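> have a look; sequence and predicted model below, questions after that.
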Amino acid sequence: MIWNAAEKISRKEMRELQLSRLRWQVEYAYSHVPFYKKKWDEIGLKPSHIERLSDISKIPFTVKTDLRDHYPTGLFAVPNREIVRFHSSSGTTGKPIVVGYTRNDMDNWTECCARMASAAGVTRDDIAQIAFGYGLFTGGFGLHYGLERVGASVLPISSGNSERQLMFMQDLKSTVLVATPSYVLHLTEIMEEKGIAKEDIFLKVGLFGGEGHTPEMREQIERRLGIDDTQNYGLTELCGPGVSYECLEHTGMHINEDMFIAEIIDPKTGEVLPEGSIGEIVYTTLTKEGIPMLRYRTKDITRIMYEPCACGRTNARMDLVMGRSDDMMVIRGVNVFPSQVESVLMGIDGIGQQYQLIVTTEKYMDRMEVQVELLDGAILESYSNLERLTAEIRHKIKTVLQIDVKVTLLNPKTLERTAGKSKRVIDKRLKAF
Ligand code: ZN
């Protein structure tokens, strides 16, 4: 079900709405946040220079360290008396980042999460078990308010205590589960241990986020629980969950474009890439009063799709996150992410999950070798099968990456593992400084 008419307006109307909101947001940020004013003044940029949507590329990027450097509230646009809620990132490295919401920000955030819930088919007939942690983490409260807004009965059980989770899930007949995908997989293991079958529970859909998950994890979750697995995307810096969300067509995550402008940039040069390119997704908030974010670099690698979706929503979709820009390699001038190679390998029969990319320089040229384990080593005994499979992988990688690689097939369990995984990239090139 489409929750809000803003999700299905024409592209032209959306661009007009985005432009008027962008112009408001930059004027607001410039006049309320000294950090933005200083950055803009340094390059002679004025809010009045933002006349078209494409002018957004003139705006300097904002990065995570900007938030840390202004800890705790240096980037806030309003005094604390206007703030009705604080949240914070976990801050595993150094100071955490702190964000604040005005009453309007809370209303918009709730709206974003209500659209997410509705896109996953949640209605007032549902019982939603929220196994996200409640607290400074945005996940629990974001989903809580959004699910309440669509009228679902919310069970704010919070994270942990798997036995109690399963007891309530069975006794209250929860139909919606909110959790991180890795916790869901953990729950399925406890279910197996306790002999609880998927027929013993009433779940029909999962709203999963807080971390990315691979297609294999999704397949396992759907099979073990017999539910629809929907993913959603958000960052504390932008609001928390609700930036984008999947509908039941599973064609990528619809972006709340009336609240955020998304761009794809080259993570090395910062240049905006043409439509359809894979690169780093950058977000600009359009309605934020508490802490406006202009061109926030997420470091998440994905692409944006603009074709219409069968669900009827017209807002663009971002693909599932393919990796982090920190993992990007430049090989012969081409941006390469290990995850792109991984997705090629996953689509080929007979290939296991363990692989390694070895990058070297030969005669001043970059060279990449893809070493990948076979599921069954017997194939190594047939030269023609080996040739065929090697050629298929080379061809598919060339189609995706536009570069020629060497492919080496290995016996199962050949690659060295650390914590179950092999080290993905070995870059032996000399680093230039
Ligand atoms: Zn859709």
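Perfect, thanks for sending it.
> the residue nearest to G212 when sequence neighbours are not counted and the ion, how far apart?
Spatial nearest neighbour of G212, excluding adjacent residues (CB to CB, 6 or more residues apart in numbering): V321 at 5.0 Å. C-beta coordinates here come from the backbone N, C-alpha and C atoms, glycine included. V321 sits at a distance of 18 Å from the ion (criterion: CB to the ion, to the nearest Å).
> ok, V321 touching E280?
No - V321 is beyond contact range of E280, at 10.3 Å (criterion: CB atoms under 8 Å).
> who has more neighbours, those two?
Under the criterion of other CB atoms under 10 Å, the comparison of V321 against E280 puts E280 first, with 24 against 19.
> any idea whether the more buried one is helix, strand or coil?
strand (DSSP: H, G, I helix; E, B strand; the rest coil).
> which secondary element of the protein has the worst mean pLDDT?
Scoring the helices and strands of the chain by mean pLDDT, DSSP states H and E places strand 421-422 at the bottom, with a mean of 58.
> K37 - how many residues pack around it?
14.
> quick one on the thing from earlier: so what does the helix or strand following the least confident helix or strand of the chain touch, helix or strand wise?
Using DSSP states H and E, the helix or strand that follows strand 421-422 towards the C-terminus is strand 425-427. With contacts taken as 3 or more CB pairs under 8 Å, 6 or more residues apart in numbering; DSSP states H and E, strand 425-427 sits against strand 351-362.
> then the helix or strand that the strand it packs on is followed by to PDB, C-alphas only?
Heading C-terminal from strand 351-362, the first helix or strand you meet, by DSSP H and E, is strand 365-374. Taking Å, rounded to 0.1, in the frame of the first residue of the first chain, the C-alpha atoms of strand 365-374 are listed here in PDB:
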ATOM      1  CA  MET A 365      50.500  -2.000 -15.800                       C
ATOM      2  CA  ASP A 366      48.100  -3.000 -13.100                       C
ATOM      3  CA  ARG A 367      47.100  -6.600 -13.200                       C
ATOM      4  CA  MET A 368      44.400  -8.400 -11.200                       C
ATOM      5  CA  GLU A 369      44.100 -12.100 -10.600                       C
ATOM      6  CA  VAL A 370      40.900 -13.600  -9.200                       C
ATOM      7  CA  GLN A 371      41.500 -16.700  -7.200                       C
ATOM      8  CA  VAL A 372      38.300 -18.600  -6.400                       C
ATOM      9  CA  GLU A 373      37.500 -21.800  -4.700                       C
ATOM     10  CA  LEU A 374      35.300 -24.400  -6.400                       C
END
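> quick one, the very next helix or strand once past strand 365-374 and strand 351-362 angle?
Using DSSP H and E, the next helix or strand after strand 365-374 towards the C-terminus is helix 383-401. Calculated by axes from the mean of the first three to the mean of the last three CA atoms, to 10 degrees, helix 383-401 forms an angle of 70 degrees with strand 351-362.
> contacts for the helix ranked longest in the chain next, please.
Longest helix in the chain by number of residues (criterion: DSSP state H): helix 11-32. Residues from elsewhere that reach helix 11-32 (CB atoms under 8 Å, 6 or more residues apart in numbering): 6, 9, 36-37, 40, 46-47, 50, 52-53, 56, 59, 77-78, 257-258, 261, 284-289, 292, 294, 306, 314-315.
> alpha carbons of it, in CSV - could you do that?
Extracted in CSV, the C-alpha atoms of helix 11-32 (Å, rounded to 0.1, in the frame of the first residue of the first chain):
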residue,chain,number,x,y,z
ARG,A,11,9.2,13.0,-11.8
LYS,A,12,8.7,16.6,-12.9
GLU,A,13,6.6,17.5,-9.8
MET,A,14,9.2,15.8,-7.7
ARG,A,15,12.1,17.8,-9.2
GLU,A,16,10.2,21.0,-8.6
LEU,A,17,9.4,20.1,-5.0
GLN,A,18,13.1,19.1,-4.4
LEU,A,19,14.4,22.4,-5.9
SER,A,20,12.1,24.6,-3.8
ARG,A,21,13.0,22.6,-0.6
LEU,A,22,16.7,22.6,-1.5
ARG,A,23,16.7,26.3,-1.8
TRP,A,24,15.0,26.7,1.5
GLN,A,25,17.4,24.1,3.2
VAL,A,26,20.6,25.8,1.9
GLU,A,27,19.4,29.3,2.9
TYR,A,28,18.4,27.9,6.3
ALA,A,29,21.7,26.0,6.8
TYR,A,30,23.8,29.1,5.7
SER,A,31,22.0,31.4,8.0
HIS,A,32,21.8,29.1,11.1
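> distance between that helix and the chain's centre?
Relative to its parent chain, helix 11-32 has a centroid offset of 24 Å by CA atoms, centre = their mean, to the nearest Å.
> one more: stretch 252-263?
Worked out by CA atoms, centre = their mean, stretch 252-263 lies 12 Å from the chain centre.
> how about the secondary structure of D404?
Of the three states, D404 takes coil according to three-state DSSP.
> ok, now which ones touch it?
D404 makes contacts with 394, 398, as judged by CB under 8 Å, 6+ apart.
> give me the element V407 is part of.
Counting by DSSP H and E, V407 is found in strand 406-410.
> okay, and for the stretch 101-250 of the chain, where does confidence drop off?
Within the stretch 101-250 of the chain, no stretch has pLDDT under 70.
> that one: helices as residue ranges?
103-119, 138-149, 162-171, 181-194, 215-225 (DSSP state H, counting those that start in this stretch).
> quick check: residues of the stretch 151-300 of the chain near the ion?
Contact residues, the stretch 151-300 of the chain versus the ion (CB under 5 Å from the ion): 247, 249.
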